[in-house]
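> predicted model follows, preceded by the sequence.
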Amino acid sequence: MKTVRYTNQQLADTLYKIADLLEIKGEVIYKILAYRKAAESLTELPGDVNQYWEEGKLTDIPGVGKAIAEKIDELLSTGKMEFQDRLEAEVPSSLVEVLQVPDVGPKKVALFWREAGVTNLAELKAAANDGKLRDLPGMGPKSEAKVLAGIKALARRTDRMPLGKAWPFAQELLVFLSEIPGVQAVEAAGSLRRMRNTVGDLDLLAAAPDSGPVMDAFVGHPGVIEVLGQGEVKSSVEFSNNVRVQLWVHPPDRFGTALQYATGSKDHNVRLRELAIKRGLSLSDQAFTTEAGDEILCATEADVYSQLDLPMIPPELREDRGEVKAALTGNLPNLIRTQELGSELHTHSTWSDGKLSIREMAGEARKRGKQVLAITDHTYSLGVAGGLSVEELQEQRVEIDVVRDELGESIQLLHGCEVEIRADGTLDYPDEILAQLDIVIAALHTGLRQPRVRVTKRLLNAINNPHVDIIAHPTGRIIPNREGADLDMGAIFEAAAESGVALEINAHPSRLDLDDVYARQAVDMGILITVNTDAHSASDMDLLHFGVATARRAWIEPQQVINTWSYEKLVGWLRSRG
DNA sequence: GCCGTTTTCGGCCCGACTGTTTTCAGTCG
């Protein structure tokens, strides 16, 4: 009998904590890594862990074997885990916060705990201030000062930043780097290059024959407030906006291995190293090395992959989600590209909360090479966004027709709406009004905190309405502050597959909703995807590539996304839906 | 503790940087 409900994330957090405590305790590293791997796997799991548990399929989760499955089972059945309780009796769990301090790892935490009686952050700070750490083995005045600096850094450390913040800042720094004399190439690496929806530290690379002057110029950037480290190959700094940036500088003939290494992900790189080892090679950020000790240099990433007899794997796929196997067997997807999206199907005008008129939006869309633009303003329940009444919608239709006449064939305008799914699950316009529109998008904006069953039912109502063509930003999450609604995604996907409605990947970097994991699950079930900017202004239209990146992370190919279809095919599909 | 197109046992990436050391340990990515 089930007594406790844990979300995937809560369970993952428990496993992460166990890993931290084991590490402080001094367990063998591979046991710790196993717990972390299982935790990471849970955070990425598309389905609900409770369902795996109910079906007795916990060990189907990658990284979850017999031992961890038993512990999860105990926790979900009884709400307790004896292993964890015993561990916490042995190692104070408040030491986990001490482990968060930069430059303080498990060995130091154990040292401070066992030798100086430190059990939490406050005690660590007091001990460092009192000069009690400097005389411990392996410590000294500099290390003690580093602990205090680390505590300060921890206090001001912000969480991972949204991609929408990291991206423009990285572009700015890349321009700065590219202008340093001697620099031949620059590139952003890390999770930014893989286009994860949030980014921790920025990882940047420069190719230059002589790294010294580049490093000097980098740490001398006017925005740098602290140099955390500076070496020949790597330097690390903190900027005044609290963003930490690492720069690697490699000679041009080693740029390929360096870029591949720095792009990650860690797990993807592990897979590549395994392949290298099978070929008698070891792979590092510097080069391949043969067993005889000879180096094989790679100037480009394509060289790195080709050395392993692999096609180039796009950065967005490098998450160890089967991409290496797919590459080996010639089954990499033909990933969608931004320029293939000829239609923008979710935009707003001054009729509701947009900044531009219909005429101006059409001009901006045309400027960006669009052949089709749908105007989909909010409906009246969403008062804060100036939603349209039925009468206003009819007036808007008149204006659409006028602009259509002006534009001729240069761009096709669709008249639609983003119809509100009300708190009771009904839609804002009656069916006969929806039927008159070229395209209907339905979306949740309110009542996102309703209980799972209720909020899921609202969305199902919309999916099952024959006039609804698209579900916009399905979960309603806002990065980084707002969790999405507690939806039963399994039920949502089944209904969407059945009704043929398209699910949106909203391209705004604060949404990216559906996320990559859900989107991949959706297309695997044959559900159509639409990628839209939800533009409220001209500049919003330039955010499309974030949505496309999310689609690429979901292994999505062009034909699965309705925005790539010809106008005729798109309209045919819309008409067939009533 | 997990895992298997060489394996059910024996692996599990590896190098840069820093501060403490006189050759290495800890941390990080």
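In hand now; what should we look at?
> for DNA strand B, what's the nearest residue on the stretch 451-578 of chain A?
A:Val517 (17.9 Å; C-beta to the nearest atom of the strand). The C-beta positions use only the backbone N, C-alpha and C, and glycine is treated the same way.
> mind listing what's buried along the helix or strand where that residue lies?
Taking DSSP states H and E as the criterion, A:Val517 maps to helix A:516-524. Across helix A:516-524, burial judged by 16 or more other C-beta atoms under 10 Å covers A:Asp516, A:Val517, A:Tyr518, A:Ala519, A:Arg520, A:Gln521, A:Ala522, A:Val523.
> tell me where the stretch 351-500 of chain A has helices.
For the stretch 351-500 of chain A, the helices defined by DSSP state H, counting those that start in this stretch occupy A:358-367, A:390-407, A:431-436, A:452-464, A:489-499.
> any regions of the stretch 1-150 of chain A where pLDDT drops low?
Applying pLDDT under 70 to the stretch 1-150 of chain A picks out residues A:1-4.
> err, the stretch 351-500 of chain A, not the other one
Nowhere does the stretch 351-500 of chain A drop to pLDDT under 70.
> how does it look with 80?
Where the stretch 351-500 of chain A drops to pLDDT under 80, the residues are A:383-384, A:480-482.
> so what's the residue count around A:Ala110?
18 (other C-beta atoms under 10 Å).
> doesn't it lie inside a helix?
Yes. With DSSP: H, G, I helix; E, B strand; the rest coil as the criterion, A:Ala110 is part of a helix.
> distance of the residue nearest to it when sequence neighbours are not counted relative to DNA strand B?
What sits nearest to A:Ala110 in space, not counting adjacent residues and going by C-beta to C-beta, 6 or more residues apart in numbering, is A:Ile24, at 5.3 Å. A:Ile24 sits 10 Å away from DNA strand B when distances are taken as C-beta to the nearest atom of the strand, to the nearest Å.
> what strand or helix carries A:Ile24?
Taking DSSP H and E as the criterion, A:Ile24 maps to helix A:8-25.
> circling back to that earlier point, adding distance to A:Phe176 and mean neighbour count, write the helices of the stretch 351-500 of chain A out as a markdown table.
Below are those laid out as a markdown table (distance: least, C-beta to C-beta, whole Å; neighbours: other C-beta atoms under 10 Å):
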| stretch | distance to A:Phe176 | mean neighbour count |
| --- | --- | --- |
| helix A:358-367 | 29 | 19 |
| helix A:390-407 | 41 | 14 |
| helix A:431-436 | 51 | 14 |
| helix A:452-464 | 45 | 19 |
| helix A:489-499 | 42 | 18 |
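> could you export these as JSON lines, including distance to DNA strand B?
Formatted as JSON lines, the helices of the stretch 351-500 of chain A follow (distance: least, C-beta to the nearest atom of the strand, whole Å):
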{"stretch": "helix A:358-367", "distance to DNA strand B": "38"}
{"stretch": "helix A:390-407", "distance to DNA strand B": "49"}
{"stretch": "helix A:431-436", "distance to DNA strand B": "47"}
{"stretch": "helix A:452-464", "distance to DNA strand B": "29"}
{"stretch": "helix A:489-499", "distance to DNA strand B": "22"}
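> helix, strand or coil for A:Ala327?
Here A:Ala327 is helix, with the state taken from three-state DSSP.
> without its sequence neighbours, what residue ends up closest to it?
A:Leu310 (4.6 Å).
> which pLDDT value belongs to A:Thr158?
We note a pLDDT of 67 for A:Thr158 in this prediction.
> ok, A:Phe239 next?
Reading off the model, A:Phe239 has pLDDT 89.
> my read is that it contacts A:Ile225, right?
Yes. With contacts counted by C-beta atoms under 8 Å, A:Phe239 reaches A:Ile225, the gap being 6.6 Å.
> OK, contacts around A:Ala491?
By C-beta atoms under 8 Å, 6 or more residues apart in numbering, A:Ala491 lies in contact with A:Thr456, A:Leu460.
> from A:Ile463, how far out is it?
10 Å (C-beta to C-beta, to the nearest Å).
> over to A:Arg452?
Distance of A:Arg452 to A:Ile463, computed by C-beta to C-beta: 16 Å.
> swap in A:Asp210?
Counting by C-beta to C-beta, the gap from A:Asp210 to A:Ile463 is 60 Å.
> cool, A:Asn50 as well?
From A:Asn50 to A:Ile463 the distance is 23 Å (C-beta to C-beta).
> same question, A:Gly256
A:Gly256 is 46 Å from A:Ile463, by C-beta to C-beta.
> now do A:Ser284
Distance, A:Ser284 to A:Ile463, by C-beta to C-beta: 50 Å.
> A:Leu512 now?
When distance is defined by C-beta to C-beta, A:Leu512 is 21 Å away from A:Ile463.
> ok, the residue sitting furthest away from the middle of chain A - contacts?
Distance to the chain centre peaks in chain A at A:Asp135, reaching 43.6 Å (criterion: C-alpha atoms, centre = their mean). Neighbour list for A:Asp135: empty [criterion: C-beta under 8 Å, 6+ apart].
> SS state for it?
coil.
> quick one, phi/psi of it?
phi -90, psi 0 (degrees, to the nearest 10).
> any idea how far A:Leu111 is from it?
Taking C-beta to C-beta, one finds A:Asp135 at 12 Å from A:Leu111.
> repeat for A:Ala12
Taking C-beta to C-beta, one finds A:Ala12 at 28 Å from A:Leu111.
> skipping its backbone neighbours, what lies nearest the residue most central in space within chain A in space?
With distances taken as C-alpha atoms, centre = their mean, A:Asn197 lies nearest the centre of chain A, 2.7 Å away. Of all residues beyond its chain neighbours, the one nearest A:Asn197 is A:Leu512 (4.7 Å), with distances taken as C-beta to C-beta, 6+ apart.
> give me the neighbour count for the one you found.
28.
> so A:Gly229 is in which element?
Following DSSP H and E, one finds A:Gly229 within strand A:224-230.
> in that strand, what's buried?
A:Leu228.
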